[in-house]
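J.: Below is the structure, and that's it, no one-letter string:
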């Protein structure tokens, strides 16, 4: 019998990127290959350009500055507040949050409902 997959209750493309601000976004070998293919470059070049060594010498994504979270994934568009490589993103991003619920997304929906603003970016509250 096939494993039943739980339907998710969130939409990553409708979120301002809370999980993208995690300081340690791991990149495994399969993800590195995917990044290299996505950008049409060698794995060696992708590793040097897109990753660095994190805690415990783990390969992680590089970051750039962000006005709300101080630092955010280098592939995150800070104007549009979304991932620029969604279809090429690493396994860690694809698997997050690992359940059918995302508490960040739930909080975002509560705040949008409370403010009666379907386009509210929760990050704006963080800066206030």
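T.: That came through fine. What you see is a predicted model; the values in this text were computed from it and never measured. Numbering: from 1, shown residues only.

J.: Buried residues in the helix ranked longest in the chain, which are they?
T.: Criterion DSSP state H: the longest helix present in the chain is helix 103-115. Residues 104, 105, 108, 109, 112 are the ones in helix 103-115 that count as buried (16 or more other CB atoms under 10 Å). Using the backbone N, CA and C atoms, a C-beta is placed for each residue, glycine as well.

J.: Same question for stretch 88-99.
T.: 88, 89, 90, 92, 93, 96.

J.: So which residues make contact with that stretch?
T.: 6, 19-20, 25-28, 30-31, 34-35, 37-39, 61, 75, 83, 102-104 (CB atoms under 8 Å, 6 or more residues apart in numbering).

J.: try 7 Å this time
T.: For stretch 88-99, the surrounding residues in contact (CB atoms under 7 Å, 6 or more residues apart in numbering) are 19, 25, 26, 27, 28, 30, 31, 34, 35, 38, 61, 83.

J.: and if you look at stretch 13-21?
T.: Stretch 13-21 is contacted by residues 66, 69, 71-73, 76, 81-83, 86, 96, 104-105, 108, 121-123 when judged by CB under 7 Å, 6+ apart.
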